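Undergrad: let me see the structure of the following:
(one chain, ligands or ions: 1)
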Amino acid sequence: MSFKVHQDVAVCGGRLLKLCHFSQVIGRMMDVNVYVPKQYYSQADSKMIPAVYYLSGLTCSPQNASEKAYWPFQADKYGFAVVFPDTSPRGDDIPSDPEGFWDFGIGAGFYVNATQKPYDEHYQMYDYIHKELPTSLDEYFANGRLDFVDNVAITGHSMGGFGALAGFLKNYDANRYKSCSAFAPIVNPTKVPWGKKAFGEYLGPNEQAWKEYDPCELVKKVRNRGNDRILIHQGTKDPFLESNLKPELLLEASKGTSWEGKIDLKLVDGFDHSYYFVSTFVPEHAAFHAKNLGLT
Ligand SMILES: N[C@@H](CCC(=O)N[C@@H](CSC=O)C(=O)NCC(=O)O)C(=O)O
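TA: Have a look, this model is predicted:
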């Protein structure tokens, strides 16, 4: 599957590639940014370069985190690529929130496979993120240096934090991701307004179908292999904390399961929901993933 390079920007010691490609599962062109670290461009270095997938939140395109999360410094420090996918299909003919609100539809695909009309035709974000995009990137960079499939980790912010947790846990038995972290994630989408609205529209009225994606349900079903840990940061001044994020519910759900004590929730005093918060804690998440990817 071929990608078109829109922009190739020098950042830190590597390059931010702003790409687009036709996605078969979405049925539309999709933008994706990939930060390729300095190690890739070094003649002296021949090690395989793993990738960290960063799933963005509501209203975001691949640009937000590329510009404001400061991943490239960390990617160069450890030697991993960072993939910044889009958050939904886009276009004038793509159905979106009938009320024009920003928490559903375009920019808010919630990383699920929609089953309900009119969304099911293009909103297949789960298959796009966890299946089609990694294999497409692997084919495109088919030079044996960048690994987008086997040695990879996943993280995300808010809606993207939910997407990372759900994707990690749903693919845990297949050992798809070496590690998972999240910044201010929606941990219990079946119980909060953002999740209920999105799941109702994308997945329909049967709440059993919603549970398949809910991290608070998944930790009860998926068995931790040993000492795998999940890292979460959450700001105490986040305006969405009480209404939509509620990270304590994931700790409660994990009690009595193999994940009890394995979810490192760090409540950080005074931080909000913005990229000032995300960028502050990116170095800690980078170190966590670098270790799990075998880079340190
Ligand atoms: N535009 C909205 C605010 C939406 C918002 O805060 N989006 C967050 C993610 S929220 C959860 O998924 C975000 O990352 N925004 C992009 C950014 O660059 O900050 C409003 O008007 O309140």
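Undergrad: what residues does the stretch 51-200 of the chain have near the ligand?
TA: When proximity is defined as CB under 6 Å from any ligand atom, the stretch 51-200 of the chain approaches the ligand at 57-60, 64, 68, 102, 157-159. Bear in mind the C-beta positions are built from the backbone N, C-alpha and C, glycine included.
Undergrad: just flag the most distant two among the residues you listed.
TA: 68 and 102 (17.6 Å; CB to CB).
Undergrad: residue of the stretch 151-296 of the chain nearest the ligand, please.
TA: residue 158 (2.7 Å; CB to the nearest ligand atom).
Undergrad: which residues does that residue contact?
TA: Residue 158 makes contacts with 57-58, 183-186, 240, 245, 273, as judged by CB atoms under 8 Å, 6 or more residues apart in numbering.
Undergrad: so which of those is the most crowded?
TA: When neighbours are counted by other CB atoms under 10 Å, residue 185 leads those with 34 neighbours.
Undergrad: checking that one next. Helix, strand or coil?
TA: coil (DSSP: H, G, I helix; E, B strand; the rest coil).
Undergrad: per-residue pLDDT of it, please?
TA: Residue 185 carries a pLDDT value of 99.
Undergrad: can you check residue 48 too?
TA: If you check residue 48, the pLDDT there is 93.
Undergrad: number the residues from 11 up from this point.
TA: With the count now opening at 11, the last piece we talked about shows up as residue 58.
Undergrad: from memory it sits against residue 158, does it?
TA: No - under the criterion of CB atoms under 8 Å, residue 58 makes no contact with residue 158, lying 10.9 Å away.
Undergrad: the more surrounded of the two?
TA: Applying other CB under 10 Å to residue 58 and residue 158 shows that residue 158 carries more neighbours, namely 22 against 14.
Undergrad: please name the nearest non-neighbouring residue to the more buried one.
TA: Nearest residue to residue 158 in three dimensions, chain neighbours excluded: residue 147, at 4.0 Å (CB to CB, 6 or more residues apart in numbering).
Undergrad: after the helix or strand hosting residue 218, next one along is what?
TA: Taking DSSP states H and E as the criterion, residue 218 maps to helix 217-221. As assigned by DSSP H and E, the chain's next helix or strand after helix 217-221 is helix 225-231.
Undergrad: helix, strand or coil for residue 241?
TA: strand.
Undergrad: what sits closest to it if chain neighbours are left out?
TA: residue 191 (4.0 Å).
Undergrad: run a quick neighbour tally on that neighbour.
TA: Look at residue 191: counted by other CB under 10 Å, it has 29 neighbours.
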